[in-house]
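> Whatever this is, show me its structure:
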Amino acid sequence: MKIKIPEYRAESNINTKLLTEQKQEKQNRIRAIIDGAKAESRAFSEKEENEFSTLEQEVKAINATLAAEKRAMAMFDFDGGNSTQPDKNGRSAEERAIAEEKAFCDMIRSVVSEERADANFAKGTNGTVIPSHIANKIIEKVRDICPIYQWATKYNIKGDISVPYYDESSQKIEMDYADEFTELESTSGKFASIKLSGFLAGVLTKISKSLLNNSDFDLLNYVIGKVASAAVQWIEKEFINGTKDKIEGLSGIKDNMIVTAAASSAITIDDLIDTQEAVPDTYQGGAVWIMNRATRKAIRKLKDADGNLILNRDVTAKWGYTLLGKDVYTTDSISEIGAGNKVLFYGDFSGLAVKVSEQVEIEVIREKYATQHCVGVVAWLEMDAKIENGQKISCLKMSGTAADTP
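Numbers count the residues shown, from 1 in each chain. Okay, here's the model as predicted:
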């Protein structure tokens, strides 16, 4: 009897997102236990020691589960078919994947082979549609090295989509005193929606022909790494700054979630507290800070009334620093401190909705770069991003007029 395994989708990451949030909560509790003992200059109590050990094991279990999911994704055939069934040539999914990877590399090297012909890569509008498991390796690499993309809520649907959300910014459900025989007035929020389209973007990487001719050179992982690295730089810039009439990203943040700093050239502790407090407590669990490295350097010098630094090195933090109890992520895509600049964002970035096409297309360009003794490889994808839940993300903007607008 043949058993058909249900389709496994690479971007079906609802459970992954939940596990990541649970992991963050447990790490926050671990940090709180450590900070409590440090503040009182004492060792762990028996209760704290037991709780710490339990949390530590739970975090390890979550890490193991997330790692196992990645390994599972690599084993499945994402074309929606039966991955356990052999193809027309009697090959298993694993053997088929190896043949497709070889054919993909041969396509770049311009080698005609039986495997390449058998792979029969489809032609798309912007080049060759590469096998789904290779495309997913590129997307997975982007997710691994681009936290903003990793945190965002992703929709993998072709064409334009409307994402509904409940809006209470102008009116919300409220309770009030009432008198007998007097009609209650109905109050409620409203359902609104954001529209996500698909904007075409291309990433170019050039490969030396000397490397292509080297049989020991790992071409597949080189292309995946180069394409993903270039894509991350563009994705972070667009998600943070946006482009008029294209991807909006965080530039569409609501005015009521923008905190204006007291000065145009310096950040104060009060500015940071106001920015953090702009996000409701219900969304604080998975919140992080995003800022330029130069901004982090300036904040590192700030001290509270007791002379304590407010931004500290923390070995338990993902990027080595915590600010007001939350992790700090830095990127060059966000503006440095300057008049009118949006210099940092804070919150739970699952409030950012992203639509990305799983159908990555590759175009190989040989003649254009022949005089450079290299081959160009262009990866095309369609993407859009907008804020889905405005309450989850706040922003600190310096006072004054921006010197330049992205």
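
> the longest strand in the protein is where?
The residue-count maximum for a strand in the chain (DSSP state E) belongs to strand 374-387.

> What residues does the residue nearest to residue 263 when sequence neighbours are not counted make contact with?
Leaving aside its chain neighbours, residue 263 sits nearest to residue 399 (6.2 Å; criterion: CB to CB, 6 or more residues apart in numbering). Placement of C-beta: from N, CA and C, glycine included. Going by CB atoms under 8 Å, 6 or more residues apart in numbering, residue 399 touches 260, 261, 262, 263, 264, 339, 340.

> what about residue 271, neighbour count?
By the criterion of other CB atoms under 10 Å, residue 271 has 23 neighbours.

> In this structure it contacts residue 258, no?
No: in this structure, residue 271 is not within contact of residue 258 by CB atoms under 8 Å, at 11.8 Å.

> Name the residues contacting each of the two.
Shared contacts of residue 271 and residue 258, defined by CB under 8 Å, 6+ apart, are found at residue 396.

> rewinding a little: and the gap between the residue nearest to residue 263 and residue 344?
Note on residue 399: its distance to residue 344, by CB to CB, to the nearest Å, is 14 Å.

> re the thing from before, so the residue nearest to residue 263: helix, strand or coil?
The three-state assignment at residue 399 reads coil, by DSSP: H, G, I helix; E, B strand; the rest coil.

> For the closest residue to residue 321 other than its chain neighbours, give the beta-bridge partners.
Once flanking residues are discounted, residue 321 sits nearest to residue 328: 4.3 Å by CB to CB, 6+ apart. Assessed by DSSP bridges, residue 328 has beta-bridge partners residue 289.

> What of residue 344?
residue 291, residue 396.

> who touches it in this structure?
275, 289, 290, 291, 292, 295, 334, 395, 396.

> Buried among the residues you listed? Make that a PyMOL selection.
Command for PyMOL, covering only those of these found buried under the criterion 16 or more other CB atoms under 10 Å:
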select buried, resi 275+289+290+291+292+295+334+395+396
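
> I'd like the contacts of residue 344 as CSV, with distance to residue 99 and pLDDT appended.
Shown next, in CSV, are those (distance: CB to CB, whole Å; pLDDT from 0 to 100):
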residue, distance to residue 99, pLDDT
275, 52, 96
289, 46, 96
290, 42, 96
291, 46, 95
292, 45, 94
295, 49, 96
334, 43, 93
395, 49, 96
396, 52, 97
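
> Show me the two of the contacts of residue 344 that sit farthest apart.
Between any two of the contacts of residue 344, the greatest separation by CB to CB is 14.9 Å, found for 275 and 292.

> Most neighbours among the contacts of residue 399, please name it.
Neighbour count (other CB under 10 Å) singles out residue 261 as the most crowded of the contacts of residue 399, with 24 neighbours.

> Could I get the contacting residues of that one?
Residues near residue 261 by CB under 8 Å, 6+ apart: 267, 268, 271, 343, 396, 397, 398, 399.

> please redo it, this time with the cut-off set to 7 Å
By CB atoms under 7 Å, 6 or more residues apart in numbering, residue 261 lies in contact with 267, 271, 396, 397, 398, 399.

> Which of the residues you listed scores worst on pLDDT?
Looking at the contacts of residue 261 by pLDDT, the weakest one is residue 399, with 92.

> how about the strands in the stretch 1-150 of the chain?
For the stretch 1-150 of the chain, the strands defined by DSSP state E, counting those that start in this stretch occupy 122-124, 127-129.

> what about residue 22, neighbour count?
15.

> Apart from its neighbours in sequence, what residue is nearest it?
Residue nearest to residue 22 in three dimensions, not counting chain neighbours: residue 62, with 6.4 Å by CB to CB, 6+ apart.

> mind checking how far that neighbour is from residue 19?
Look at residue 62 and residue 19: by CB to CB, they are 5 Å apart.

> likewise residue 299?
To residue 19, residue 299 is 30 Å away according to CB to CB.

> Specify which residue of those two has the higher count of neighbours.
More crowded of residue 299 and residue 19, by other CB under 10 Å: residue 299, with 24 against 17.

> my guess is the more buried one meets residue 268, correct?
No: counting by CB atoms under 7 Å, residue 299 stays clear of residue 268, with 10.0 Å between them.

> State the distance from the closest residue to residue 310 other than its chain neighbours to residue 312.
Counting by CB to CB, 6+ apart, residue 310 lies nearest to residue 302, which is 5.3 Å off, once chain neighbours are set aside. Remark: distance between residue 302 and residue 312 (CB to CB) = 11 Å.

> what do you get for residue 331?
For residue 331, the distance to residue 312 - CB to CB - is 20 Å.

> more neighbours, the two?
Higher neighbour count among residue 331 and residue 312: residue 331, with 18 against 15, using other CB under 10 Å.

> Can you check the pLDDT for the more buried one?
Per-residue pLDDT puts residue 331 at 92.

> Please report the residue range of the longest helix in this structure.
Ranked by number of residues, the top helix in the chain under DSSP state H is helix 46-75.

> what packs against that one?
On a contact count with 3 or more CB pairs under 7 Å, 6 or more residues apart in numbering; DSSP states H and E, helix 46-75 meets helix 14-39.

> average pLDDT across stretch 357-371?
Averaged across stretch 357-371, the pLDDT comes to 79.

> Who are the contact partners of residue 249?
With CB under 7 Å, 6+ apart, residue 249 has these contacts: 238, 239, 240, 241, 242, 385.

> Skipping adjacent residues, who's closest to the second one in space?
The spatially closest residue to residue 239, leaving aside those adjacent along the chain, is residue 249, at 4.3 Å (CB to CB, 6+ apart).

> Can you give me the buried ones in stretch 97-114?
So for stretch 97-114, counting by 16+ other CB under 10 Å, buried means 97, 99, 100, 101, 102, 103, 104, 105, 106, 107, 108, 109.
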